[in-house]
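1. pasting the sequence and the predicted model now:
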Amino acid sequence: MSARNTLSAVIIAVVQAGMVHAQTVVRTTSLSPSMPPASPLGVWSGNSILAIDSISSSSPTLHIYGRSGDEVQSILVQIPGAQLINVFNDQVARSADGYVALSGIAYGGEDNAAGFLLIIPPAGADQLVVRTEPYVVSALAFSPDGVIWTAGREKDNSGRDKGPNGNYSIVRRFDKKGKVIGAALASTEFSGRGAPVQGSRFVGSRDRVGWFAPEAQRYIEFSLDGVERASYPLSVRLKDVDGVALCDDNTLWVSVKDWTSDLSGKPVFRGSNLRFLDRSRNTLSGGKAQSFVYLYGCAGNTLVATSATSPGWNEVDWLATNH
């Protein structure tokens with residue numbers, strides 16, 4: 001084991017009920033070819049790492065890496081008539097059978113803009129573009145049954161966000177043909193909380209999906225048929241979070257930044273904690289700060305992560321949760 005991996009095995013730990021659970025590095029893989037320099041981070045979804053190159057351009061490219069770290073597929077994102085396409089690395093997902101869904105905003109002539117959901121079959125051809133306006137997707141994931149779960153906001157006729165008082169459904173479910181098949185979570189539940197979908201993320205395990213919304217300071221879980229089953233208040237904000245994962249044992253993990261202040265009161269970043277949701281206490285329990293750790297997701301019950309010690313973010317650590 002390299003010195004880097006030895007150090008990681010020692011320092012990556014969390015605390016639960018007074019017991020220390022070390023997140024030991026099971027193995028480390030390198031991405032080949034290297035991660036696109038403009039998009040150093042991505043997500044683990046559908047047994048793959050997904051990363052998008054040229055996230056704001058006329059032709060973003062999705063790169064799909066397998067468990068070995070080798071790129072298995074690259075897909076050029078195409079929106080007919082779009083001069084500029086904005087997509088983001090945490091707004092892409094892959095199903096177990098190889099479908100890809102991603103969301104963003106497409107811009108045409110005269111500043112025309114529209115939110116979209118793009119559904120791509122395993123072969124990468126015949127991309128289905130679903131215009132979702134006035135609904136704009138901010139987070140998405142596939143559930144195990146192949147349904148696309150999204151969280152988003154709605155715009156009014158002037159193109160401005162309606163806000164939480166707009167009385168619309170934040171969560172919507174789509175089938176692989178782009179049809180809305182369910183909705184949940186009224187925006188009015190977040191009255192006075194600004195933009196609850198900003199920086200939010202969907203995660204999934206074998207029997208549920210979870211919506212992690214740091215700006216709303218909530219984590220909400222749903223059964224696969226769209227019924228809300230649990231809601232947890234969490235004292236974190238968007239600036240504190242670097243990756244979220246839900247494992248098959250239904251443990252929610254979050255990489256949380258650790259901040260302190262200098263003598264002038266200016267915030268100083270000290271490192272990150274890997275924390276898990278203690279459901280009995282409605283808190284995120286964590287351990288000592290460490291070098292920056294970003295969570296891609298969870299493969300079964302193994303965390304998939306990278307860190308600032310990885311050259312160009314191109315090494316992937318597989319961490320046993322021991323939880």
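-> Nice, I can see it. Owing to the predicted nature of the structure, the values given are computational and were not obtained by experimental measurement.

2. helix or strand next in line after the helix or strand hosting V304, which one?
-> According to DSSP states H and E, V304 maps onto strand 302-307. Once strand 302-307 ends, the next helix or strand along the chain (criterion: DSSP H and E) is strand 315-320.

3. next one: stretch 79-87 to chain centre, how far?
-> 22 Å (C-alpha atoms, centre = their mean, to the nearest Å).

4. distance between the ends of it?
-> End-to-end span of stretch 79-87 (C-alpha to C-alpha, to the nearest Å): 12 Å.

5. who touches the strand holding V304?
-> 8, 23, 26, 41, 44, 49, 243, 245, 247, 253, 255, 274, 290-298, 313-321 (C-beta atoms under 8 Å, 6 or more residues apart in numbering). For glycine as for every other residue, the C-beta is placed from the backbone atoms N, C-alpha and C.

6. switch to 7 Å and redo it
-> 23, 26, 44, 245, 253, 291-298, 313, 315-321 (C-beta atoms under 7 Å, 6 or more residues apart in numbering).

7. got a PyMOL select line for the buried ones in those residues?
-> Buried residues within the contacts of strand 302-307, by 16 or more other C-beta atoms under 10 Å, are selected in PyMOL with:
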select buried, resi 23+44+245+253+292+293+294+295+296+297+298+313+315+316+317+318+319+320+321
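
8. so the residue located most distally from the centre of the chain: helix, strand or coil?
-> Centroid-distance maximum for the chain: L263 at 34.8 Å, with C-alpha atoms, centre = their mean. The three-state assignment at L263 reads coil, by DSSP: H, G, I helix; E, B strand; the rest coil.

9. where does it land on pLDDT?
-> Confidence at L263, expressed as pLDDT, is 84.

10. repeat for Q217
-> Value for Q217, per-residue pLDDT: 90.

11. G286 too?
-> You'll see G286 listed with a pLDDT of 69.

12. adjacent strands (with direction) for the strand holding V304?
-> strand 293-299 (antiparallel), strand 315-320 (antiparallel) (DSSP bridges).

13. contact partners for the closest residue to S223 other than its chain neighbours?
-> Nearest residue to S223, sequence neighbours excluded (C-beta to C-beta, 6 or more residues apart in numbering): R229, at 5.3 Å. By C-beta under 7 Å, 6+ apart, the residues touching R229 are R208, E221, F222, S223.

14. which one of these is nearest to F116?
-> The closest of the contacts of R229 to F116 turns out to be F222 (C-beta to C-beta; 23.6 Å).

15. show me what V137 is bridged to.
-> Bridge pairing for V137 - DSSP bridges - gives G152.

16. right, and it touches G152 too?
-> Yes: between V137 and G152 there is a contact under C-beta atoms under 7 Å: 4.3 Å.

17. may I see the buried residues of the host helix or strand of the residue nearest to S223?
-> In this assignment (DSSP H and E), R229 forms part of strand 228-233. By 16+ other C-beta under 10 Å, the buried positions in strand 228-233 come out as Y232.

18. show the average pLDDT along it.
-> 94.

19. what residue ranges in the stretch 1-150 of the chain score low on pLDDT?
-> 1-23, 36-40, 110-111 (pLDDT under 70).

20. what segments of it are helices?
-> 3-11 (DSSP state H, counting those that start in this stretch).

21. can you pull the contacts of Y135?
-> Counted by C-beta under 7 Å, 6+ apart, Y135 has contacts G115, G152, E154, R172.

22. show me those that map onto strands.
-> Using DSSP state E, the members of those that fall within strands are G115, G152, E154, R172.

23. how about the residues you listed in TSV, adding neighbour count?
-> What follows is the ones in strands among the contacts of Y135, written out as TSV (neighbours: other C-beta atoms under 10 Å):
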residue	neighbour count
G115	22
G152	23
E154	19
R172	23
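
24. will you turn those into a markdown table that also has distance to R270?
-> Below are those laid out as a markdown table (distance: C-beta to C-beta, whole Å):
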| residue | distance to R270 |
| --- | --- |
| G115 | 37 |
| G152 | 34 |
| E154 | 39 |
| R172 | 39 |
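
25. which two in these are spaced the farthest apart?
-> Most distant of the ones in strands among the contacts of Y135, by C-beta to C-beta, are G115 and R172, 11.9 Å apart.
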